[in-house]
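S.K.: Have a look at this prediction, sequence included:
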Amino acid sequence: MQNTARLSAPFLALALSAATAVHAQPEGHALYDTFCAACHGANLEGAPDWQRPGPDGLLPAPPHDETGHTWHHGDRFLFDYVARGGQAVLDDLGVNFTSAMPAFGDVLQDAELEAILDFIRQSWPEHIRAIQAARSAQDGAS
Ligand code: HEC
């Protein structure tokens, strides 16, 4: 009886922490596929002809890979952009631009948004990640 107790306690702790880890780390790639890929491309490549306004006069979704400019922004800006949507952020910045980037703050939890951004960051080559990390640190300090 005593032996069983000694064996099962660590096992239980392990099982519990595994369950917590799964819950705390939503799968960024799967979430990206569901919520972002339709506009930004299954391979982060962006919409075709993304640099030219579409028939509605709005710019299509840019790539999130290294050919786009997502990595030019720090983490805080990226999170805000996805949570509040492009229009709210650009209005706050006084940028006169009509954005077709929706807000996801009411649809996804913060941890899910972070997981998606993590997935995007992990797709970048090392030197791009370093530049973006430096930008994030700079933004955090100001
Ligand atoms: C309905 C189409 C659509 C969906 C769905 C969409 N986006 Fe966008 N997104 C856009 C468009 C269009 C832009 C470009 C306009 C702008 O920057 O405001 C954009 C811009 C962005 C930018 C700014 C990029 C930059 O270089 O400045 C980020 C970051 C972004 N989207 C992330 C996401 C993420 C993450 C998701 C999924 C949770 C997502 N988007 C889903 C259309 C979409």
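M.R.: Looks like it came in fine. Numbers count the residues shown, from 1 in each chain.
S.K.: Cys39 contacts Glu45, doesn't it?
M.R.: No. At 11.3 Å, Cys39 does not count as touching Glu45 under the criterion of CB atoms under 8 Å. Quick note: C-beta positions are derived from backbone N, CA and C, even for glycine.
S.K.: what does the chain put close to the ligand?
M.R.: Contacts of the chain with the ligand, taken as CB under 6 Å from any ligand atom, map to 35-36, 38-40, 59-62, 68-70, 73, 78, 81-82, 86, 99-102, 104, 116.
S.K.: Can you report how many residues neighbour the residue lying closest to Pro48 once chain neighbours are set aside?
M.R.: Leaving aside its sequence neighbours, Pro48 sits nearest to Pro60 (CB to CB, 6 or more residues apart in numbering; 7.6 Å). By other CB atoms under 10 Å, the residues close to Pro60 number 17.
S.K.: Against Asp110, how distant is Pro60?
M.R.: According to CB to CB, to the nearest Å, Pro60 and Asp110 sit 27 Å apart.
S.K.: now do Ala88
M.R.: Computed as CB to CB, the Ala88 to Asp110 distance reads 16 Å.
S.K.: neighbour count winner among these two?
M.R.: More crowded of Ala88 and Asp110, by other CB under 10 Å: Ala88, with 16 against 10.
S.K.: rewinding a little: just the buried ones from the residues of the chain next to the ligand, in ChimeraX syntax?
M.R.: Selection of the buried residues among the residues of the chain next to the ligand in ChimeraX, burial being defined by 16 or more other CB atoms under 10 Å:
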select :35,36,40,59,60,61,62,68,70,73,78,81,82,86,99,100,101,104,116
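S.K.: By mean pLDDT, point me to the weakest helix or strand of this protein.
M.R.: When the helices and strands of the chain are scored by mean pLDDT, DSSP states H and E, helix 2-24 comes last with a mean of 55.
S.K.: Pop out the phi and psi values for the residue most central in space within the chain.
M.R.: By CA atoms, centre = their mean, the chain has its centre lying nearest to Leu117, at 2.0 Å. The phi and psi values for Leu117, taken as degrees, to the nearest 10, are phi -60, psi -40.
S.K.: tell me the phi and psi of the nearest residue to it once chain neighbours are set aside?
M.R.: Leaving aside its chain neighbours, Leu117 sits nearest to Leu78 (5.6 Å; criterion: CB to CB, 6+ apart). Per-residue torsions, Leu78: phi -60, psi -40 (degrees, to the nearest 10).
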